[in-house]
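# compute the structure for the input listed below.
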Amino acid sequence: MPDEAPRPPTRRNATIVVALAILNFAILLFPPLTWYLGQGGVWFFLVTGVIGVVSLLVMYRVDSSSGEG
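Sure, this is the predicted structure:
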């Protein structure tokens with residue numbers, strides 16, 4: 001018996017992934033925020049790095065859960 005074709009992601013899952021991607025681009029690629037922080041910029045890079053990795057894990061989990069069922 002052939003495997004079933006994977007189902008396309010639901011609208012909610014796609015919205016979550018797009019929202020996280022937009023949030024990552026806004027936080028990680030916003031130079032005026034890093035200029036404002038000045039010397040505290042190292043903490044900004046560390047925190048935004050953690051946010052980026054966690055959001056990628058969340059996006060992966062949301063995407064992989066859409067194929068189950």
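# ok now the host helix or strand of S64, how far from the chain's centre?
Assigned by DSSP states H and E, S64 falls within helix 41-66. From the chain centre to the centre of helix 41-66 is a distance of 5 Å (CA atoms, centre = their mean, to the nearest Å).
# show me what it is packed against.
Packing partners of helix 41-66 (3 or more CB pairs under 8 Å, 6 or more residues apart in numbering; DSSP states H and E): helix 11-28, helix 31-37. C-beta here means a position set from N, CA and C on the backbone, and glycine is covered the same way.
# dump those helices into TSV; add mean pLDDT as well.
Formatted as TSV, these follow (pLDDT from 0 to 100):
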stretch	mean pLDDT
helix 11-28	87
helix 31-37	74
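# most packed of the ones you listed?
helix 11-28 (a mean of 13; mean count of other CB atoms under 10 Å).
# ok, back up a step: tell me what angle the helix holding S64 forms with helix 11-28.
170 degrees (axes from the mean of the first three to the mean of the last three CA atoms, to 10 degrees).
# give me the buried positions along helix 41-66.
F44, T48, S55, M59, V62, S66 (16 or more other CB atoms under 10 Å).
# nearest to I27 among those residues?
T48 (5.4 Å; CB to CB).
# quick one: contacts for that closest one?
I27, L28 (CB atoms under 8 Å, 6 or more residues apart in numbering).
# just A21 next, same as before
With CB under 8 Å, 6+ apart, A21 has these contacts: M59.
# gap between it and A14?
Note on A21: its distance to A14, by CB to CB, to the nearest Å, is 11 Å.
# likewise for V58?
14 Å.
# with D63 instead?
D63 is 9 Å from A14, by CB to CB.
# give me the contact list for stretch 26-35.
So stretch 26-35 is contacted by G41, F44, F45, T48, I51, G52 (CB under 8 Å, 6+ apart).
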